[in-house]
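A.B. asks: Model the following, please.
(chains A and B)
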There are 2 protein chains.
Amino acid sequence: MQNTSEVYHNAGAYRAALQERALVPRGFRFAVTATEFVPAELGEEAEPLPIKLTAILAPAASRAWAAVLTRNRVTGAPVEVVRGHRGRPVRGVVINNKVANVCAADGEAAARSVLASVGAAFGVPAAQLLPASTGVIGWQLPVAALAAAAPQLAANLGATSAADAAEAIMTTDAYPKLRSATTPSGHRVLGIAKGAGMIEPDMGTMLAFIVTDAPATADELQEELQGAARSSFNAITVDGDQSTSDMVVLLSSREREPDAAPVAGLGAAVREVCAGLAGDIVRNGEGTRHVMAIAVTSRLAEADALAVAKAVGNGPLVKTAVYGNDPNVGRIASAVGDYLGSRPDLRRIGARDLTISLGDRQVFDGGVFTLGPASERDLSDYLVSCRCDTSGGFPPHDRVVRIGIRIGGGAGEREPHTVRALAADLGYEYVRENADYRS
Amino acid sequence: MQNTSEVYHNAGAYRAALQERALVPRGFRFAVTATEFVPAELGEEAEPLPIKLTAILAPAASRAWAAVLTRNRVTGAPVEVVRGHRGRPVRGVVINNKVANVCAADGEAAARSVLASVGAAFGVPAAQLLPASTGVIGWQLPVAALAAAAPQLAANLGATSAADAAEAIMTTDAYPKLRSATTPSGHRVLGIAKGAGMIEPDMGTMLAFIVTDAPATADELQEELQGAARSSFNAITVDGDQSTSDMVVLLSSREREPDAAPVAGLGAAVREVCAGLAGDIVRNGEGTRHVMAIAVTSRLAEADALAVAKAVGNGPLVKTAVYGNDPNVGRIASAVGDYLGSRPDLRRIGARDLTISLGDRQVFDGGVFTLGPASERDLSDYLVSCRCDTSGGFPPHDRVVRIGIRIGGGAGEREPHTVRALAADLGYEYVRENADYRS
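C.D. replies: Numbering: from 1, shown residues only, chains lettered A, B, ... in the order given. Now for the predicted structure:
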């Protein structure tokens, strides 16, 4: 029962399943501890807030690691530290929630100071640890509180399961996210992620940490991680924002000997884990009532086809119609046409080149809608059937609203191929979670 | 009291003010009539729906007209008819609401057939009339019902005020939109518009019709209208969608004699009218609780600076925070950084180059947030003070949430200049209006 998406009828059953999923790659250990702090930005009279510290530790430092970092030009200090660490050996990752350490004064120094405290407690050089943070943007990292928690973090090393770590890195995620896979050769890949773009005003960050005991080179890991991220984490959209702190890190406990053969199926296992985690993230939001699976089949470049899919998945009119079980296919066609018109190099594509389907039903063909009263009702029933009913299970089922967009004609030079994206709908819960004043 | 944005304490007072604003350019006449139809797409047993027909007629056909049309590649039939009419003389415009005539079978033939009926009733060649439609995408134009209404439309010609026409082209707009201006030489410019991107599932279309008695050439009008649209209709965003049917038409009752001098101040009057109508459209939505006025000061190309402003104005996290009076400036910085990172040619710009202000207060400077508990409270109070309280007046006041973004450093080659955009926030009413099933 590795990566099934069965519905568990309560949180306990789901967490038990996670423990089973957690085939930890040999040699890796996890640690979690919790403490409190008062944000300087809120003044001394403010209530203390809880904050969790999580660590992932490999058996030894290794250059066999890779990272995919946010493209956002307003970047969190941890992202800058990781970017500067490329090519150097890594023993582990230290993660905190609650404070993202983005654009606060001396953010990088604060991140390094926390790594120094944790490194000292672990007996590991701070220069071999990577920082990761998620939480409020603009607040300063509570360095003293985290330093004081470091000894307990070290004491918990090993006593913590991967499922515990998946839970500890959450901000307001609805449930922990953990996926694992095994290569034909029996090497393990395990990933945990947090991400809740819809949920928390200041915590849209997506973090994922993947570990494997498959021996590999840094270049192999970087190539596999980038490919996996492109079709998973970079192909999902909740509200179109790429956070200041998004980070995906892949660590192997062993560097591959130059003369040894690459591990067969490692890339596939990494893709399976990333795809599972990405789906969990989109389904995560309590605000999400439908997950849209948008498939664009065309001769366009992969990036252009993905942009078309995201234009549909990010369109507020499409998202709200799906939320309301309204098969308003006019909005899908309009979103595609709007995007094509915004791209001078794609304006040659017209409505006549488009075919659109919703579920199994074609709704638009060659510039004309193919609709009637019956199809309207059927399509609305289809949307209702795809609705995520969080009350009925935990996590929600993985049924998706399938939107198919075929761009025909001579548009594009490549062989016809299909690019897929997952997107969340947009409803009242999104507004409630994102509009309420923070304090 | 031309273009004041005072608040009128009831709809009647506002409409009375509109009548005063309606300094109709000499020679133009308006007509409105209403009828009913049953959409074929809903089946014969469905309830009849009301539909309104509106006409604007110049004293004579003239080549002195201009149009700015949607860039959307899924285009309404009326847009295609107008595009094909360029360079030919125009006597008037015939507008219907309720059915957008987009991607329905034989849409252009249907539009021409309605023009033929109206032309016959008016004694005007159908080839001198432009069509415009707004309403449900995908439905067929009810040609027979509109043809039957043409004689009454002709009978009402002249008895209809411009304010009546502004009201008749509405779909679910909260109030009619009419603006006028006068050139130093006493020539008049009057515009009416409908647009309610937030309001109705299928009626996001923005239509504006502007008439003037200032003699001008078609080229002058096209240049003035494009310039005015760029800084008004194309600089507002409600939900980031450009509709399949957006259309702005400018008609002059008189062609300028080649030897006569251009009318001084005509461009300024057209810009004033367009800016007023664009502001009315953003404030229009019942769902709109705040209007954001985003100013980007930089050395970037105008289009790039406008794209930065729209990235902020379209960011769901920014929109929902403003709706909730939450001065979540981290989201503004993140939206700017996200957009810059998505544009390879702008990635050279970093957080260090950015200064951001909210109201009169600087909140981000050189990569660091400049915030504290006091500023958080003040900024929240500021957002509350900008809230559109539709209950207190009609239309809502024109106070806006001022967001200033300065991109410094060497970024861009041009002289520093400021580009402005208006955007609506995003709240529960948007979801309610857009998520409810149509029938």
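
A.B. asks: From here on, just use CA atoms for contacts and neighbour counts.
C.D. replies: Fine.

A.B. asks: Quick check: which helices or strands does the biggest helix by length in chain A pack against?
C.D. replies: Counting residues, the longest helix in chain A under DSSP state H turns out to be helix A:266-284. Contacts of helix A:266-284 with other secondary structure elements, assessed using 3 or more C-alpha pairs under 8 Å, 6 or more residues apart in numbering or on different chains; DSSP states H and E, are made with strand A:177-182, strand A:188-194, helix A:218-230, strand A:236-237, strand A:417-424.

A.B. asks: After it, which helix or strand is next? Please name it.
C.D. replies: Tracing the chain C-terminally past helix A:266-284 and defining elements by DSSP states H and E, one meets strand A:291-298 next.

A.B. asks: centre of the chain versus that following strand, how much separation?
C.D. replies: For strand A:291-298, the separation from the chain centroid amounts to 18 Å (computed by C-alpha atoms, centre = their mean, to the nearest Å).

A.B. asks: got a list of contacts for the next helix or strand after it?
C.D. replies: Going down the chain from strand A:291-298, the next helix or strand is helix A:302-314, by DSSP H and E. Residues outside helix A:302-314 that contact it (C-alpha atoms under 8 Å, 6 or more residues apart in numbering or on different chains): A:235, A:237-240, A:292, A:294-298, A:318-319, A:332, A:335-336, A:339-340, A:419-425.

A.B. asks: What are the buried residues along stretch A:75-89?
C.D. replies: Judged by neighbour count using 16 or more other C-alpha atoms under 10 Å in any protein chain shown, the buried positions of stretch A:75-89 are A:Thr75, A:Gly76, A:Ala77, A:Pro78, A:Val79, A:Val81, A:Val82, A:Pro89.

A.B. asks: Between these, which sits nearest chain B?
C.D. replies: Relative to chain B, the closest of the buried residues of stretch A:75-89 is A:Thr75; by C-alpha to the nearest C-alpha it sits at 7.5 Å.

A.B. asks: If you compare the directions of the longest helix of chain A and strand A:188-194, what angle comes out?
C.D. replies: Interaxial angle of helix A:266-284 relative to strand A:188-194 (axes from the mean of the first three to the mean of the last three C-alpha atoms, to 10 degrees): 30 degrees.

A.B. asks: Note down every partner strand of whichever strand or helix holds A:Ala58 and its orientation.
C.D. replies: Element membership of A:Ala58 [criterion: DSSP H and E] is strand A:49-62. Strands adjacent to strand A:49-62 in the sheet, as given by DSSP bridges, are strand A:29-37 (antiparallel), strand A:90-96 (antiparallel).

A.B. asks: okay, those strands in JSON lines with mean pLDDT and mean neighbour count next?
C.D. replies: Formatted as JSON lines, the strands paired with strand A:49-62 follow (pLDDT from 0 to 100; neighbours: other C-alpha atoms under 10 Å in any protein chain shown):
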{"stretch": "strand A:29-37", "mean pLDDT": "97", "mean neighbour count": "21"}
{"stretch": "strand A:90-96", "mean pLDDT": "98", "mean neighbour count": "24"}
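
A.B. asks: circling back to that earlier point, got the contact list for the strand holding A:Ala58?
C.D. replies: Residues lying outside strand A:49-62 but in contact with it, judged by C-alpha under 8 Å, 6+ apart, are A:27-39, A:89-98, A:128, A:146, A:149, A:153, A:165, A:168-169, A:251-255.

A.B. asks: May I ask which two of the buried residues of stretch A:75-89 are separated the most?
C.D. replies: A:Thr75 and A:Pro89 (22.9 Å; C-alpha to C-alpha).

A.B. asks: was I right about A:Leu358 contacting A:Val400?
C.D. replies: No - between A:Leu358 and A:Val400 there is no contact under C-alpha atoms under 8 Å: 10.9 Å.

A.B. asks: Tell me who's in contact with the closest residue in space to A:Ala321 that isn't next to it in sequence.
C.D. replies: Sequence neighbours aside, B:Ala435 is the residue nearest to A:Ala321 in space, at 4.7 Å (criterion: C-alpha to C-alpha, 6 or more residues apart in numbering or on different chains). Listed by C-alpha under 8 Å, 6+ apart, the contact partners of B:Ala435 are A:Thr320, A:Ala321, A:Val322, A:Tyr323, A:Gly324, A:Asn325, A:Asp326, A:Gly427, B:Pro201.

A.B. asks: what's the neighbour count on the fifth one?
C.D. replies: In this case it means A:Gly324. Using other C-alpha atoms under 10 Å in any protein chain shown, A:Gly324 has 26 neighbouring residues.

A.B. asks: What does the pLDDT read for it?
C.D. replies: Per-residue pLDDT puts A:Gly324 at 91.

A.B. asks: Distance check, the closest residue to it other than its chain neighbours against B:Ala46.
C.D. replies: Leaving aside its sequence neighbours, A:Gly324 sits nearest to B:Ala435 (C-alpha to C-alpha, 6+ apart; 4.3 Å). Using C-alpha to C-alpha, to the nearest Å, one gets 22 Å for the distance from B:Ala435 to B:Ala46.

A.B. asks: how about low-confidence regions in the stretch 201-350 of chain A?
C.D. replies: Low-confidence segments of the stretch 201-350 of chain A, defined by pLDDT under 70, span residues A:201-204, A:239-242, A:285-286.

A.B. asks: Tell me the residues of it that contact chain B?
C.D. replies: A:201-202, A:239-244, A:315-317, A:320-326, A:328, A:330-331, A:333-342, A:347, A:349-350 (C-alpha under 8 Å from any C-alpha of the partner chain).

A.B. asks: What subset of those residues is buried?
C.D. replies: For these, a neighbour count by 16+ other C-alpha under 10 Å gives the buried set as A:201-202, A:239-244, A:315-317, A:320-326, A:328, A:330-331, A:333-341, A:347, A:349-350.

A.B. asks: A:Leu250 is in what secondary structure piece?
C.D. replies: Here A:Leu250 sits within strand A:247-252, counting by DSSP H and E.

A.B. asks: between that strand and helix A:218-230, how many degrees?
C.D. replies: Relative orientation of strand A:247-252 and helix A:218-230, computed by the same axes, to 10 degrees: 140 degrees.

A.B. asks: what would the buried residues of stretch A:75-89 look like in CSV with secondary structure and pLDDT?
C.D. replies: What follows is the buried residues of stretch A:75-89, written out as CSV (DSSP: H, G, I helix; E, B strand; the rest coil; pLDDT from 0 to 100):
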residue, secondary structure, pLDDT
A:Thr75, coil, 88
A:Gly76, strand, 91
A:Ala77, helix, 95
A:Pro78, helix, 96
A:Val79, helix, 94
A:Val81, helix, 97
A:Val82, helix, 97
A:Pro89, coil, 97
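
A.B. asks: and these near chain B, which?
C.D. replies: The subset of the buried residues of stretch A:75-89 within reach of chain B, by C-alpha under 8 Å from any C-alpha, is A:Thr75.

A.B. asks: now the helices: where do they sit in the stretch 101-250 of chain A?
C.D. replies: Here the stretch 101-250 of chain A has its helices, by DSSP state H, counting those that start in this stretch, at A:107-122, A:143-155, A:162-168, A:218-230.

A.B. asks: Let me know which of those helices is tucked in deepest.
C.D. replies: Ranked by average neighbour count under the criterion mean count of other C-alpha atoms under 10 Å in any protein chain shown, the helices of the stretch 101-250 of chain A are headed by helix A:162-168 at a mean of 23.
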